[in-house]
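Novice: Fold the following, please.
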Amino acid sequence: MNTIINFIFYSVRAGTPFLLGTTGETITEKSGSLNLGVEGMMAVGAILGYYLSCLSGSLTVGIMAAFAAGALCALIYAFLTVSLQANQNVTGLALTIFGVGIYHFIGRILTVKDSFPALNDSKHLASLVMDKGIPYLRDIPYVGKLLFSYNIFVYISIIIAVAAWVYILKTKTGLRTRAVGENPGAADACGVNVSLYKYLNILAGGGICGIGGLYMGIVTNGGSWNDNWINGAGWISVALVIFASWNPVKAIFGSFFFGMLNTLQPWKGNLAAEFPSVLGWLIKIPDEFYQMLPFLITAVVLIFSSLRKKRTGGQPAACGINYFREER
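Specialist: Reported below is the predicted structural model:
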């Protein structure tokens, strides 16, 4: 039983950056903009947020820096696609290349100069991102480990996802955002400032993606520099938006599922040893298959979503289509 509990625990941890990336992209797409630059925004948020976290010794500063970095990248996308009417798909892909390039540029310069900060150099910062959980509640058998023993990022990501759901579906501003995403011409005719709503939601979504990148730098990789902090998490997040039907609350469960896929490889031995008659076959599968599995499932999700004829009330009708006011 403890093996299963621990497997679920680490699956939730592994799914947290997916949840942040998915929530940010959902907010962006609900305003009618398809930003494929999630990978790049997460990468810039990761390196700048981590570096400033270590310099200041403050996780709050790091989160704010990661949010600002992701939002700044999103601002570039918003200016090009909303103001200059550039192609959204091409701009998003270019933003991914740009963001990942910035990440490599800063990281490698710091590494060459032997000035790349280690997380454990700041005992205060390292202690903040440990899985301390919620006092007293974390001591409840089984339930405490599953629900109340995570690091602060996990709870922040869930709060952001729930807040995004409330914002999109339960507020007047969210209603206007959905109107912009569904029919910007009609929203404009009703007095909604389409460009303003697109800008605000694109920036908010990009900032949340940046926080997801910071999580991968601090928690997933422990501040140990390598070229693959993000490692495709942005692309999985884009697919998760579809998987979750553009619903941030459903994204919580979707991110856990993809976190479980990422956790299978390091935990296959423990699971096979605990349940040899049921899960013994896990140990026979090569590690490369587990590394490929999240991306394989991502491709399957995209294929089935494109084949599905009946819309399930998720994707905005004008998502990915530029709005030019003079043409309405």
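Novice: where along the chain do the strands fall?
Specialist: Here the chain has no strands by DSSP state E.
Novice: List the buried residues of stretch 319-328.
Specialist: The neighbour-count check on stretch 319-328 (16 or more other CB atoms under 10 Å) flags 319-320, 322-323 as buried. (Each C-beta comes from the backbone N, C-alpha and C, glycine too.)
Novice: contacting residues around it?
Specialist: 29, 32-34, 81-82, 85-89, 181, 184-185, 188-189, 194, 198 (CB atoms under 8 Å, 6 or more residues apart in numbering).
Novice: repeat that for 6 Å
Specialist: The contact list for stretch 319-328 (CB atoms under 6 Å, 6 or more residues apart in numbering) reads 29, 32, 34, 85, 88, 184-185, 194.
Novice: Show me how far that stretch is from its chain's centre.
Specialist: In this view, stretch 319-328 has its centroid 27 Å away from the chain centroid, taken as CA atoms, centre = their mean, to the nearest Å.
Novice: do the same with stretch 226-236
Specialist: The chain centre lies 11 Å from the centre of stretch 226-236; the measure is CA atoms, centre = their mean.
Novice: With just CA atoms, put that stretch into CSV.
Specialist: Taking Å, rounded to 0.1, in the frame of the first residue of the first chain, the C-alpha atoms of stretch 226-236 are listed here in CSV:
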residue,chain,number,x,y,z
ASN,A,226,21.3,20.7,-17.9
ASP,A,227,20.1,21.5,-21.4
ASN,A,228,16.7,19.9,-20.8
TRP,A,229,15.0,21.5,-17.8
ILE,A,230,11.7,21.8,-19.7
ASN,A,231,12.1,18.7,-21.9
GLY,A,232,8.9,18.9,-23.9
ALA,A,233,6.6,19.9,-20.9
GLY,A,234,5.3,22.9,-22.9
TRP,A,235,4.2,20.7,-25.8
ILE,A,236,2.5,18.2,-23.5
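Novice: Out of the contacts of stretch 319-328, which end up buried?
Specialist: Buried members of the contacts of stretch 319-328, scored by 16+ other CB under 10 Å, are 29, 32, 34, 88, 184, 194.
Novice: got a markdown table for the residues you listed, with distance to residue 257 too?
Specialist: Converted to a markdown table, these look like this (distance: CB to CB, whole Å):
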| residue | distance to residue 257 |
| --- | --- |
| 29 | 20 |
| 32 | 27 |
| 34 | 23 |
| 88 | 28 |
| 184 | 33 |
| 194 | 35 |
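Novice: Go through the contacts of stretch 319-328 and say which is closest to residue 54.
Specialist: Checking the contacts of stretch 319-328 against residue 54 with CB to CB, the nearest one is residue 29 at 33.1 Å.
Novice: Where does the prediction get shaky in this protein?
Specialist: Residue ranges of the chain with pLDDT under 70: 1, 306, 308-313, 327-328.
Novice: okay, now the closest residue to residue 147 other than its chain neighbours: neighbour count?
Specialist: Leaving aside its chain neighbours, residue 147 sits nearest to residue 137 (7.6 Å; criterion: CB to CB, 6 or more residues apart in numbering). For residue 137, the neighbour count with other CB atoms under 10 Å is 12.
Novice: just the one 4 residues further on next, same as before
Specialist: Using other CB under 10 Å, residue 141 has 8 neighbouring residues.
Novice: where's it relative to residue 95, distance?
Specialist: Applying CB to CB, to the nearest Å, the value for residue 141 to residue 95 is 46 Å.
Novice: Over to residue 322?
Specialist: Relative to residue 95, residue 322 is positioned 16 Å away (CB to CB).
Novice: can you count the residues close to residue 87?
Specialist: Close neighbours of residue 87, defined as other CB under 10 Å, add up to 13.
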